[in-house]
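Enquirer: Mind looking at a prediction? Sequence and model below.
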Amino acid sequence: MTQEQVEERSGFSQQYISGLERGHRNPTVITLYELAQALGVSHVELVRPPEEA
């Protein structure tokens, strides 16, 4: 999913989403919840470390 698609679904700007991905922004718990809702995943999935292969 592109940042633009996430922007459309969530209402957060592409610049804000980019900052989150790069670790330059620290989202609030509410922001994490809203992003998870927009992406159709659990908020836990957004903060869970990736599983090792």
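Expert: Sure thing, it's come through. Numbers count the residues shown, from 1 in each chain.
Enquirer: Name the nearest residue to the residue positioned nearest the centre of the chain, ignoring sequence neighbours.
Expert: By CA atoms, centre = their mean, the mean C-alpha position of the chain lies nearest to residue 35, the distance being 4.9 Å. The shortest distance from residue 35 to any non-neighbouring residue, by CB to CB, 6 or more residues apart in numbering, is to residue 10 (5.6 Å). For every residue, glycine as well, the C-beta is placed using N, CA and C.
Enquirer: so who does that neighbour touch?
Expert: Residue 10 is in contact with 17, 34-35, 38-39, counting by CB atoms under 8 Å, 6 or more residues apart in numbering.
Enquirer: one step back: the residue nearest to the centre of the chain against residue 12, yeah?
Expert: Yes. Between residue 35 and residue 12 there is a contact at 7.0 Å, judged by CB atoms under 8 Å.
Enquirer: can you list the contacts of residue 10 in a markdown table and add distance to residue 26?
Expert: What follows is the contacts of residue 10, written out as a markdown table (distance: CB to CB, whole Å):
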| residue | distance to residue 26 |
| --- | --- |
| 17 | 14 |
| 34 | 15 |
| 35 | 13 |
| 38 | 19 |
| 39 | 19 |
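Enquirer: List the buried residues for whichever strand or helix holds residue 8?
Expert: Element membership for residue 8, per DSSP states H and E: helix 3-10. Buried residues in helix 3-10, counting neighbours by 16 or more other CB atoms under 10 Å, are found at 3, 6-7, 10.
Enquirer: Report the separation between residue 40 and residue 29.
Expert: 19 Å (CB to CB, to the nearest Å).
Enquirer: what do you get for residue 7?
Expert: 21 Å.
Enquirer: Could you check the angle the lengthiest helix in the chain makes with helix 3-10?
Expert: The longest helix of the chain (DSSP state H) is helix 29-39. For helix 29-39 against helix 3-10, the angle by axes from the mean of the first three to the mean of the last three CA atoms, to 10 degrees is 100 degrees.
Enquirer: Residues contacting helix 29-39, please?
Expert: In contact with helix 29-39 (CB under 8 Å, 6+ apart) are residues 1, 6, 9-12, 20, 27, 42-43, 45-47.
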